[in-house]
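A.B. asks: Here is a sequence together with a model predicted from it:
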Amino acid sequence: MPDPSLVTEGLTIRFGGHVAVNNVSCAFHPGELTVIVGPNGAGKTTYFNLISGQLSPSEGTVRKGGTDLTRMAPSARARHGIGRAFQLTNLFPNLSVLENIRLAVQARSGHGWRMFSNVGRFSTLTQEARHYLEATKLSEKADMLAAELPHGDQRKLEVALLMAMEPDIYMFDEPTAGMSLDHTPDVLDLIAALKQDKTKTVLLVEHKMSVVRALADRIIVLHNGELLADGPPDEVMQSQIVRDVYLGSSGEDAA
């Protein structure tokens, strides 16, 4: 197995007297898709927030390769290859679909907003942005405002934004939340395609067991902020304590 791309060691956060994440140590590897499950209040999204920098830990560290990210802002972590998608879409609603992607390409290339930038460079950025629209099957909606897209297409656009940033670590927090059955397969196919790139690491918070079964190489179970189980999907889902506490005796209930 390759060296870990991302490591959390003793990660802990307290809110007053409440310990939301308690001493969670995990190593994540390139070419692996890890699904994090647990009931409401288990600490899944809080753990994600600690990794991506929305929250600072009370104790413990987050490292990517040899770089300590623990006290870095989310923007700095993004520059170090941490890409995060949220439960609620995080788009520029009054810009077109193409403009959303072009901004992500500009940010990654280091150009940012430049009023009098070279026209040829602008054309190159636009062409690159269209590549990500094609990959996410959004080319026909390039000129639509992001706010006008159906919810499912907004989620696809968010995946396209992440892809345009070319991170090493992809983080998805319930990517199919609120989506219709018609749109769900499109987003799942995009995530499945990402994990085929063995240089990328994919982390996914999800409660739908059908999604977990379809995508997971590995499952982590959190309970009251603590790591309850970690391993291959079949092994974790057959664990009696996991079945009793999270999945129900049939193993079909939401995690």
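C.D. replies: Nice, thanks for sending it over.
A.B. asks: switch to C-alpha atoms for all contacts and neighbour counts from now on
C.D. replies: Fine.
A.B. asks: So which residues of the chain form strands?
C.D. replies: 6-15, 18-28, 33-37, 59-64, 67-68, 82-85, 169-173, 201-205, 218-223, 226-231 (DSSP state E).
A.B. asks: Redo those as TSV? Include mean pLDDT, mean neighbour count and distance to His151.
C.D. replies: As requested, these are exported to TSV (pLDDT from 0 to 100; neighbours: other C-alpha atoms under 10 Å; distance: least, C-alpha to C-alpha, whole Å):
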stretch	mean pLDDT	mean neighbour count	distance to His151
strand 6-15	97	19	31
strand 18-28	97	18	30
strand 33-37	95	26	23
strand 59-64	97	20	32
strand 67-68	96	12	36
strand 82-85	88	22	14
strand 169-173	93	23	15
strand 201-205	95	24	19
strand 218-223	93	23	27
strand 226-231	94	17	32
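A.B. asks: any chance of those strands in a markdown table, with distance to Pro185 too?
C.D. replies: Output for those, formatted as a markdown table (distance: least, C-alpha to C-alpha, whole Å):
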| stretch | distance to Pro185 |
| --- | --- |
| strand 6-15 | 28 |
| strand 18-28 | 25 |
| strand 33-37 | 17 |
| strand 59-64 | 31 |
| strand 67-68 | 35 |
| strand 82-85 | 17 |
| strand 169-173 | 15 |
| strand 201-205 | 16 |
| strand 218-223 | 20 |
| strand 226-231 | 25 |
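A.B. asks: Tell me which of those sits nearest to Ala146.
C.D. replies: Nearest to Ala146, of all the strands of the chain, is strand 82-85, at 15.7 Å by C-alpha to C-alpha.
A.B. asks: could I have that closest one exported to PDB, CA atoms only?
C.D. replies: Taking Å, rounded to 0.1, in the frame of the first residue of the first chain, the C-alpha atoms of strand 82-85 are listed here in PDB:
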ATOM      1  CA  ILE A  82      -7.600  19.500   0.000                       C
ATOM      2  CA  GLY A  83     -10.800  19.800  -1.900                       C
ATOM      3  CA  ARG A  84     -14.100  19.900  -0.100                       C
ATOM      4  CA  ALA A  85     -17.800  19.800  -1.200                       C
END
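A.B. asks: closest one to Asp182 among the strands of the chain?
C.D. replies: Of these, nearest to Asp182 by C-alpha to C-alpha is strand 169-173, at 19.4 Å.
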